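1. Next come a sequence and a model predicted from it.
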Amino acid sequence: MTEDRKYGGGERKPLGPAPTWEQVLERNSIERLKREKPLHTFLDELPELASKHYLDIPEEDIVRLKWFGLYHDKPKVGTFMLRIKVPSGLLAPESLRTIGEIANRYGKGYAELSTRQNVQLHFITLPELPDILGALAATGLTTAGGCGDAVRNITGCPLEGVLATEAFDCTADVEAAARFFYGNPDYFDLPRKHKISISTCPHQCDMPEINCLPLIGVVHEGREGYAVRIGGGLSTVPRIARDLGVFVPREEAIEVLRAVLDVWKEDTRYRLSRVKARMKFMVDDYGPEAIREKVEQRLGRKLESFAAPQSIGFTDHMGVHEQKQPGLYHVGVPIPVGIANGEQLIDIADLAASFDGDVRLTKQQNLILGGVPEARLDETKSRLLEIGFDVDAHPLHATAIACTGEPHCNYSVTETKTKMQELVAHLESRWGERLGNFKLNLDGCPHACALHWVGDIGLMGTTARETVDGTRQAYDLFLRGGVGPEQAVGRPLIRRVPTTRVPATLDRLIGAWLEHRTDGESFRDFAIRTTDDDLKAIAAGEGVPV
């Protein structure tokens, strides 16, 4: 595969005939599995499944549990990760308290925040699941579509409704989309997972460029609505979402979302192979112009032409900032590598409830307390520090992202969160405030849950060709990626760095950047203007001048 085709460019190939459903079912075992039982009612079988020994449950039923947010923990001994969906990350205190209590009772007190504004618990067993799902439902939460071929958690700016600079408050639109898509049987049988984001944040902190179908809030000619992009995503085949070139009034948003999904899910080309079953491949094949025509045909009308706006610049919404509501503030709280325990979640919920505020999860695995009265800001920061989270911590505590990885994930081949904690401590000590908002992303496998393609430096776990310092764990380093105004997919320029040599390798790259940058140049811009060979030489410690 040529470089341009790999990253979504190059000449578009002519499409062959669409396969028949008979061909799809012959080739794709998951499509057969989805037709053997109705997935949206599969939890009706949970009491029977829970009564069996784990090893007596058919593997096909274990796969079906993914549609309700359950993945095998590692090792596969009958415990699961449970993914709780939180649209745009907005949590009432009582909902967060419930999650904390569930973590304590059933999940060994462990919880993690994800890059899609979910909360993930581990160590869950099937007999416990009915009580857990009931407790979540009582506070308005669900796991339906948390995994599997469905609409995953709808992400957005965590500050919807309170951000002083937002185009308009899209809370009602996010809630309406979640009510419509979550658990909807018509959208519980997609070709594969589908990721929607809806936001009106001018910083585009929800990263629309890496979502399947992002809506970007704008006010156009006095009307509130959305620009639409399509076909973003990372994993093993990264794509930056393309502009569909339309303006959609707010009241038509769900109708247009449905139309795009219908065009995709009814095309059998994207059901034949699981590898090619993402919307980004349909955009590769057809182009956004042809997809727009298909959507308009389904809607029975033309859509208004409009160019999607660009981000005004990076923000992670950390720190203390005034809300649009006078006298109230939102406080960004770094949660290093997204790990919290149940007691911490309960304490944060109680703190938010004490001033009638709320909790908002970010895509950087952090959280924000909303609705903090000015008179309680100092008290709130002090209480958070007592709980274990420092609002004034080094920015890297908020911008460094690591996937679930070891010890829980069956795909990870290296340490992730523990490795990132080591790297953050090292880089903070070595470089201090000179790093600024440097973004470090670390994944244990190619699936890119921690978005290694778009960090200033992305690390992806791999295996060294030989043992170094007693281990074969190693990382590929990805450079030149980013989101926002200069969005781009990174390139894996530095290969198989043994895990014990990663800190020194990062030091060399960061040191060269800080020594040779001009006019506050970002690390990404430094990497772009430096040749591949020079970057490799710097990383290897060969002292090549820039």
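-> Cool, got the structure.
2. make it CA atoms for all contacts and neighbour counts henceforth
-> Will do.
3. Looking at Ala164 now. What's its pLDDT?
-> On pLDDT, Ala164 comes in at 96.
4. show me where pLDDT drops low in this structure?
-> Under the criterion of pLDDT under 70, the regions of the chain flagged as low confidence span 1-11, 544-546.
5. Apply 80 and report the result again.
-> 1-13, 543-546 (pLDDT under 80).
6. Grab the longest strand from it for me.
-> When secondary structure is assigned using DSSP state E, the longest strand within the chain turns out to be strand 457-468.
7. Partner strands of that strand and their direction?
-> Looking at strand 457-468 with DSSP bridges, its partner strands are strand 440-443 (parallel), strand 471-479 (antiparallel).
8. May I have the first one as CSV, with CA atoms only?
-> This file holds the C-alpha atoms of strand 440-443, laid out as CSV (Å, rounded to 0.1, in the frame of the first residue of the first chain):
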residue,chain,number,x,y,z
LEU,A,440,2.0,12.8,25.1
ASN,A,441,-0.3,9.8,24.1
LEU,A,442,0.5,6.2,24.8
ASP,A,443,-1.2,3.1,23.5
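9. And the helices in the stretch 301-450 of the chain?
-> Ranges of helices in the stretch 301-450 of the chain, per DSSP state H, counting those that start in this stretch, are 342-354, 377-387, 396-399, 417-431.
10. any residues touching stretch 372-389, and which ones?
-> Stretch 372-389 is touched from outside by 327-331, 333-335, 344, 347-348, 351-352, 355, 357, 390-391, with contacts defined as C-alpha atoms under 8 Å, 6 or more residues apart in numbering.
11. and with 6 Å instead?
-> Gly327, Leu328, Tyr329 (C-alpha atoms under 6 Å, 6 or more residues apart in numbering).
12. what do you get for stretch 250-257?
-> Gly225.
13. now swap in stretch 129-139 and tell me
-> Applying C-alpha under 6 Å, 6+ apart, the set of residues contacting stretch 129-139 is Ser95.
14. related to what we said a few turns ago, make TSV out of the strands paired with strand 457-468 and add distance to Glu293 and mean neighbour count.
-> As requested, these are arranged in TSV below (distance: least, C-alpha to C-alpha, whole Å; neighbours: other C-alpha atoms under 10 Å):
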stretch	distance to Glu293	mean neighbour count
strand 440-443	37	29
strand 471-479	36	23
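15. what secondary structure does the closest residue to Gly161 other than its chain neighbours sit in?
-> If you skip the residues right next to it in sequence, Gly161 has Asp169 as its closest partner in space, 4.6 Å away by C-alpha to C-alpha, 6 or more residues apart in numbering. For Asp169, the assignment made with DSSP: H, G, I helix; E, B strand; the rest coil gives coil.
16. any idea how far Gln117 is from Asp169?
-> Here the criterion is C-alpha to C-alpha, to the nearest Å. By it, Asp169 lies 18 Å from Gln117.
17. In terms of packing, which of those two has more residues around it?
-> Neighbour count, other C-alpha atoms under 10 Å: between Asp169 and Gln117, Gln117 has more, with 29 against 18.
18. if I look at Ile62, how far off is Leu126?
-> Spatial separation of Ile62 from Leu126 under the definition C-alpha to C-alpha is 10 Å.
19. what about Arg179, how many residues close to it?
-> For Arg179, the number of neighbouring residues by other C-alpha under 10 Å comes to 12.
20. does it count as helix, strand or coil?
-> Counting by three-state DSSP, the backbone at Arg179 sits in helix.
21. just to revisit the earlier point, how about the helices of the stretch 301-450 of the chain in a markdown table, adding distance to Asp519 and mean neighbour count?
-> Converted to a markdown table, these look like this (distance: least, C-alpha to C-alpha, whole Å; neighbours: other C-alpha under 10 Å):
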| stretch | distance to Asp519 | mean neighbour count |
| --- | --- | --- |
| helix 342-354 | 40 | 20 |
| helix 377-387 | 34 | 15 |
| helix 396-399 | 21 | 26 |
| helix 417-431 | 18 | 16 |
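22. CSV for the ones you listed, including distance to Asp44?
-> Formatted as CSV, the helices of the stretch 301-450 of the chain follow (distance: least, C-alpha to C-alpha, whole Å):
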stretch, distance to Asp44
helix 342-354, 29
helix 377-387, 40
helix 396-399, 41
helix 417-431, 36
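23. Out of the ones you listed, flag the one nearest Gly225.
-> Within these, the stretch nearest Gly225 is helix 396-399; the backing value is 30.1 Å (C-alpha to C-alpha).
24. Show me what the closest one is in contact with.
-> Under the criterion C-alpha under 6 Å, 6+ apart, residues Pro334, Pro336, Lys439 lie in contact with helix 396-399.
25. who wins for most neighbours among the residues you listed?
-> Ranked by neighbour count under the definition other C-alpha under 10 Å, these are headed by Pro334 with 29 neighbours.
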